[in-house]
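Peer 1: Build me a model from this:
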Amino acid sequence: ITMMCRAHLLLAIVALAAQQVLALAPPKKVVVFGGTGYVGSQVCERLAEKGFAVTGVSRRGVNPRPGKSAALDRVNWVCGDATNKADVQTLVSQNDAVVHAVGLLFDVESGLQGLNTIVSGSKSVPDPEKSTYDNITRQTMFNIIDAIESPVNRIKKGGAKTPLAFVSCAEAGWPDVQFGDAVEEKLAPAWLKKYLAAKRLVEARLSESSAVRAVVMRPSLIWSWEKLDVLPIIPVFNIASAIGVPFVDKTVRVETLADAIVTGLEDESVSGVQRYMNMEELAAR
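Peer 2: Numbering: from 1, shown residues only. The predicted model follows:
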């Protein structure tokens, strides 16, 4: 082998090794859609504490706790619309990993949207024109996946999969557990069925994408000691889960969920659906 051939071979080996290191390296820049929300703000805070360059995106685009958290003060807060493809394309292209924490319990078609100011951890008020489950959950996530799958983004990322964390819900897994289908069909209100349909469409799309390393979090009730509205029902869920009711999952603290999301982004081996026991394990690492 001539010296020139050896040089080309060495360069090829170095390039391949660099690509493999890049693929396995934890993300350095993360964009969090829904960054000012109940879950999203906790994720932003933890990412910033671990040294990530974090962009928090929301309709408000401002720090939800200015001056109260040094980590949140370091986040780049951006006003953006996740239903807008151009906004999403730009933000995704500038980051190594993505978190989707956009959501609402009661959409504008449920007739219960006024309750969001009570049950929402961030006290957000739904947009009267855009805040449907399909727009807020499916469309925003499809925009993110489309941006990740774009040829330009794939080339820029060197073909490596983009870590993408999605906050789904435990009830999205009802078809997979005993009595789950019956509970949904006979007991679930119409608004909940639409809510679950949007979550499942996203999960299905994620399972088909070769461009993302999907980390799908499926919490049931998400709580913290400051969120008084759900505290009374937490023991009901936890006892039902403990005695083996198959369609009820143990509740998850928002801190546990946020820690699990960060670990899921960092650890290349984490992918797919994460139930409460998986989240607890990830958060404890």
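
Peer 1: Phe33 reaches Ala82, doesn't it?
Peer 2: Yes. The pair Phe33 / Ala82 is scored as a contact, 4.8 Å apart, by C-beta atoms under 8 Å. Just so you know, the C-beta spots here come from the backbone N, C-alpha and C atoms, and that holds for glycine as well.

Peer 1: now the strands for the stretch 101-250 of the chain?
Peer 2: Taking DSSP state E, counting those that start in this stretch, the strands of the stretch 101-250 of the chain run over residues 162-167, 212-217, 222-223.

Peer 1: next one: the second one to chain centre, how far?
Peer 2: Relative to its chain's centre, strand 212-217 lies at 8 Å (C-alpha atoms, centre = their mean, to the nearest Å).

Peer 1: Run me through the strand neighbours of it, direction for each.
Peer 2: Strand pairing for strand 212-217, determined by DSSP bridges: strand 162-167 (parallel), strand 272-274 (parallel).

Peer 1: Mean neighbour count, mean pLDDT and distance to Lys28 added to these, as JSON lines?
Peer 2: Listed next are these as JSON lines, based on neighbours: other C-beta atoms under 10 Å; pLDDT from 0 to 100; distance: least, C-beta to C-beta, whole Å:
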{"stretch": "strand 162-167", "mean neighbour count": "25", "mean pLDDT": "98", "distance to Lys28": "11"}
{"stretch": "strand 272-274", "mean neighbour count": "18", "mean pLDDT": "98", "distance to Lys28": "23"}
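
Peer 1: re earlier: for my notes, please list the strands of the stretch 101-250 of the chain in a markdown table and give distance to Val152 for each entry.
Peer 2: Below are the strands of the stretch 101-250 of the chain laid out as a markdown table (distance: least, C-beta to C-beta, whole Å):
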| stretch | distance to Val152 |
| --- | --- |
| strand 162-167 | 13 |
| strand 212-217 | 16 |
| strand 222-223 | 35 |
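
Peer 1: roughly how far apart are the closest residue to Ala214 other than its chain neighbours and Val273?
Peer 2: Nearest residue to Ala214, sequence neighbours excluded (C-beta to C-beta, 6 or more residues apart in numbering): Leu206, at 4.0 Å. Applying C-beta to C-beta, to the nearest Å, the value for Leu206 to Val273 is 10 Å.

Peer 1: next one: Ile234
Peer 2: 22 Å.

Peer 1: buried stuff in the helix or strand harbouring Glu45?
Peer 2: If you go by DSSP states H and E, Glu45 is part of helix 38-49. By neighbour count on 16 or more other C-beta atoms under 10 Å, the buried set for helix 38-49 is Tyr38, Val39, Gly40, Ser41, Gln42, Val43, Cys44, Glu45, Arg46, Leu47, Ala48.

Peer 1: and of those, the nearest to Pro163?
Peer 2: Leu47 (11.8 Å; C-beta to C-beta).

Peer 1: Might you report the residue contacts of the residue nearest to Gln178 when sequence neighbours are not counted?
Peer 2: Nearest residue to Gln178 in three dimensions, chain neighbours excluded: Pro246, at 4.3 Å (C-beta to C-beta, 6+ apart). Pro246 sits next to Val177, Gln178, Phe179, Gly180 when contact means C-beta atoms under 8 Å, 6 or more residues apart in numbering.
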